[in-house]
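Asker: Predicted structure and sequence below. I'll ask about it afterward.
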Amino acid sequence: MVRVDVLIPHYNDVEGLKLSINSVLNQTWAGIFRIVICDDGSGFEKKIELKNYLAELNSVSRHNVCLIENLENLGRPKTRNVLLNAIESEYVSWLDAGDEWYPNKIKKQFNSIYRSEFKYPGKDVWVTCDYDWQWVGRRRRKRIQKVDSDQLKELLVGQNLRSYLWTILASAEAFKNNGYFDESLPRLQDLDYFIRFVANDGILVKPDRNPLCVYHKSDIGRDAEEIKDCYFHIHNKNRYIYQKFSKGFQRNRVYDVYMHTARFAINNNDKVLSYKFIFISALISPLRFIYGVIVNKGIKL
Amino acid sequence: MKKIGLVIRLLGNRSGGAERLYCELANWLVQEGYEVHCLYCESGDGKPFYDIDKKVRMVNLWIPYKSRSITTKFYDLVAAKDSSSKIMSYFGFLSKHNEFSKCLGNYIKYNSLDLTISLLPPANTPLLLSKRYHNSKIIVTNHNVPEQDYENKNRWSKNPYDILMRKKLLSRADKIHVLFESFKNWFEPDLSGRITVIENYISDSYFSILPEPEALYQKKRLIAVGRLADVKNYHVLIESWSKIHLKHPDWILVIFGKGPDSVKLKDMCQKLNLGNSVVLAGHTKNIYEEYKKSSILCHPALYEGFGLSVAEGLACGLPVVAFSDCEGVNQFVFNDVNGIMCDRSHSNGVNEFSEALEKLINNKKIYLDLSEKSQSSVKVFSEVKYYEKWKKLIEELI
């Protein structure tokens, strides 16, 4: 029977993990899941709670559940690399503690995988999907992953095609061929991972236009400076890709970084930093800034 | 996981020996557990001619004109006008290497490559220039006689500043690879500690069958393999053969390869009335089978880096006829041991070459004696030894 490894990094969020794992167990796909959780040095009590939950789960579920424990908190990219090394099944999917799949996700994505094996023989293919965006305290918004245009360009722009790993189902080989996550990126290592995949002739496909999972989004606790540094590290690493596009395109990406990180700053009540980033954005591309202010009747982050 | 970059200037659809070594080295490094980045710089989207592992990251560092820096655009503009004067040759050099070396430096720095290996001078120079941007170790490889790569004004760039810098920048390399022990002598004494010798290898399949000299002699076929270009000197071979072919109507000469001289050589065959006794056979996918159908390997080249076709011919039991001053061949073909090495000093060595061919054709005993020793003479160039040496070199550096 076909098996899928579901790789889940976890840190001090057992409730979120339960929500995510329940969404795996509710899948309509008939195969077997091997759920691999890598605990990244959670606190003592959380770890006990996690182990009790997993023991209970193993006794009632027909799927396999494994736990890997990091002795200390290594951070997201290293934990994801530990999970990459733990792959055993033929297919792999990712999930972050706190996010949920809708019941048909894996079933629909498998149909896409089988189709793409004929359509793109010999190529590495990842199947993504549309998703819902759920900000805390707001209603769900449908987000479309645009895979039918220049995928590399769309990824760099980051509006219509986003590097969300938990949307992906692919063969284990397609992940392994893409190598490891960049451990020098505490944030956005998945963006770097996606860019590398598409730049090396990898192809993203998706099933029909229906959201297949939900992302519970929150900016709280995310350091805007750190995110900005990660963006620029990715820009520098992949400068040869950015340079394939016009200088205007490159300037717009820098503008986006500052506007985007200003949002993190403002959501974490760091007004000074957010004003600084907005000011830099306005300097980088004054016309785009003024146009944005007129169209949105204010500054939209 | 250690990261290694392999740098070459052009890669897409190129089927040369250096490109083959490049792709094979990349595949082997992946198998050894390294993260491999293949860095090159060309305007097209051509894929590598040789198979390359999917785990290898292919990175084309070519930057379109619209995204180039103002300084590079200025160098391009100045260099396009005139390149004869000294100052112009300096701009020509910058125009050629500045952008690529900056991109290389940036890529190596931000992707934290531990080691970078470059192949051929057009990649060696920009990689060594990029050293100021990063701390990665550098190995430059030389796939020809150093004198030809570094001093011949008609090989690689003719720009005098480029030729000067090609040599001068070698001091920035951590290791300099050459093909033979004797090639070390060309380099400055202060570089001698960094030079490392790794000969090319012959694929294991060539050693799987023990040649049968008697049967090979009966094939009555002379074979030559290589690009149809000036440096391979095939016109001397054809001229030599024209002097003796009538005496040996049951023998033929087959030349495999394509190149700029093909029309010239065809005309020459017609003028000399060689008829069917010379065949220009073009490319073949399976040269191994062709060696097995032949008796003698002719290689009149002026110089060679390694002379892979000669080594492969020997592995198949074919005695070699070549010139004694051909550097990449005289390292492993010895007169009256596994071939006949001719003197080129009189009239391009045409007479000497035809005499050597005739000696082997007429004297079966000598032929059998040389053929007997052929395969064992090149067993040192095994795949295992080649990769062992690379492994040792890489582990020494990172």
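Answerer: Received the coordinates, thanks. Keep in mind it's a predicted model, so treat the numbers as computed, not measured.
Asker: So what's the residue count around residue B:207?
Answerer: Residue B:207 has 17 neighbours, counted by other CB atoms under 10 Å in any protein chain shown. Any C-beta I mention is one placed from the backbone N, CA and C, and that applies to glycine too.
Asker: same check, this time on the one 5 residues further on
Answerer: If you count neighbours by other CB under 10 Å, residue B:212 ends up with 12.
Asker: Same check on residue A:217?
Answerer: 14.
Asker: separation between it and residue A:253?
Answerer: 22 Å (CB to CB, to the nearest Å).
Asker: Any residues of chain B in contact with chain A? List them.
Answerer: Chain B comes close to chain A at residues B:1, B:35, B:54-55, B:57-61, B:63-64, B:66-67, B:103, B:106-107, B:109-112, as judged by CB under 8 Å from any CB of the partner chain.
Asker: Not counting residues beside it along the chain, what's closest to whichever residue of the stretch 51-200 of chain A sits closest to chain B?
Answerer: Taking CB to the nearest CB, chain B has its nearest neighbour within the stretch 51-200 of chain A at residue A:177, 4.4 Å off. Leaving aside its sequence neighbours, residue A:177 sits nearest to residue B:54 (CB to CB, 6 or more residues apart in numbering or on different chains; 4.4 Å).
Asker: now swap in residue B:277 and tell me
Answerer: Nearest to residue B:277 is residue B:245, by CB to CB, 6+ apart, at 4.5 Å.
Asker: So that neighbour is in contact with residue B:237, correct?
Answerer: No - counting by CB atoms under 8 Å, residue B:237 is not a contact partner of residue B:245; they are 11.5 Å apart.
Asker: which of the two has more neighbours?
Answerer: residue B:237 (25 against 22).
Asker: Which residue ranges of chain A form helices?
Answerer: A:14-25, A:44-60, A:76-85, A:105-119, A:151-157, A:172-176, A:189-199, A:224-237, A:239-242, A:247-267, A:271-284, A:286-296 (DSSP state H).
Asker: what does the third one contact?
Answerer: Spelled out, it's helix A:76-85. A:7-9, A:11, A:36, A:38, A:40, A:68, A:70, A:74, A:94, A:165, A:175-176, A:180-187, A:189 (CB atoms under 8 Å, 6 or more residues apart in numbering or on different chains).
Asker: near chain B, which residues of chain A?
Answerer: A:124, A:176-177, A:179-180, A:184, A:196, A:199-201, A:233, A:236-237, A:239-240, A:243-247, A:250.
Asker: switch to 10 Å and redo it
Answerer: A:81, A:122-124, A:173-174, A:176-180, A:182-184, A:196, A:199-202, A:232-250 (CB under 10 Å from any CB of the partner chain).
Asker: buried subset of these?
Answerer: Neighbour-count burial (16 or more other CB atoms under 10 Å in any protein chain shown) is assigned, among the residues of chain A next to chain B, to A:81, A:124, A:174, A:176-180, A:182-183, A:196, A:199-200, A:202, A:233-235, A:237-245, A:249-250.
Asker: quick one, what contacts the residue of the stretch 51-200 of chain A closest to chain B?
Answerer: Contact analysis of residue A:177 by CB atoms under 10 Å, 6 or more residues apart in numbering or on different chains lists A:124, A:171, A:197, A:200, A:202, B:30, B:53-57.
Asker: which of the residues in stretch A:156-163 are buried?
Answerer: A:156-158, A:161-163.
Asker: for the chain, which spans come out with low pLDDT?
Answerer: Assuming you mean chain A. For chain A, the stretches with pLDDT under 70 are A:301.
Asker: wrong chain, I was asking about chain B
Answerer: B:82-84.
Asker: Show me the strands in it, by range?
Answerer: Along chain B, counting by DSSP state E, strands occupy B:3-7, B:35-40, B:57-60, B:115-119, B:137-141, B:175-178, B:195-197, B:221-225, B:252-256, B:278-282, B:296-299, B:320-323, B:339-342.
Asker: that older thread, list the residues that contact both of residue B:245 and residue B:237?
Answerer: By CB under 10 Å, 6+ apart, the residues touching both residue B:245 and residue B:237 are B:222, B:253, B:278, B:354, B:357.
Asker: Does the last one touch residue B:248 like I think?
Answerer: Yes - counting by CB atoms under 10 Å, residue B:357 touches residue B:248, with 8.8 Å between them.
Asker: who's more crowded, those two?
Answerer: residue B:357 (25 against 16).
Asker: Could you check how many residues crowd around residue A:280?
Answerer: Counted with other CB under 10 Å, residue A:280 comes out at 17.
Asker: cool, residue A:10 as well?
Answerer: So residue A:10, with other CB under 10 Å, has 25 neighbours.
Asker: ok, residue B:63 - contacts?
Answerer: Counting by CB under 10 Å, 6+ apart, residue B:63 has contacts A:239-240, A:243-244, B:41, B:43, B:69, B:72, B:99-100, B:102-103.
Asker: Quick check: phi and psi at it.
Answerer: With angles defined as degrees, to the nearest 10, residue B:63 sits at phi -110, psi 130.
Asker: same question, residue A:181
Answerer: Dihedral angles (degrees, to the nearest 10) for residue A:181: phi -70, psi 150.
Asker: Residue of the stretch 151-300 of chain B closest to chain A, please.
Answerer: residue B:285 (20.4 Å).
Asker: if I look at that residue, how far off is residue B:15?
Answerer: Distance from residue B:285 to residue B:15, by CB to CB: 11 Å.
Asker: Compare neighbour counts for those two and give me the winner.
Answerer: residue B:15 (11 against 6).
Asker: right, and the more buried one touches residue B:49 too?
Answerer: Yes - under the criterion of CB under 10 Å, residue B:15 makes contact with residue B:49 at 4.4 Å.
Asker: one step back: so who does the residue of the stretch 151-300 of chain B closest to chain A touch?
Answerer: With CB under 10 Å, 6+ apart, residue B:285 has no contacts at all.
Asker: And for the one 5 residues further on?
Answerer: Under the criterion of CB under 10 Å, 6+ apart, the contact list for residue B:290 reads B:221, B:223, B:225, B:254, B:256, B:281, B:284, B:313, B:316.
Asker: which one of those is nearest residue A:223?
Answerer: residue B:284 (61.9 Å; CB to CB).
Asker: For burial, what's the neighbour tally of that closest one?
Answerer: Counted with other CB under 10 Å, residue B:284 comes out at 13.
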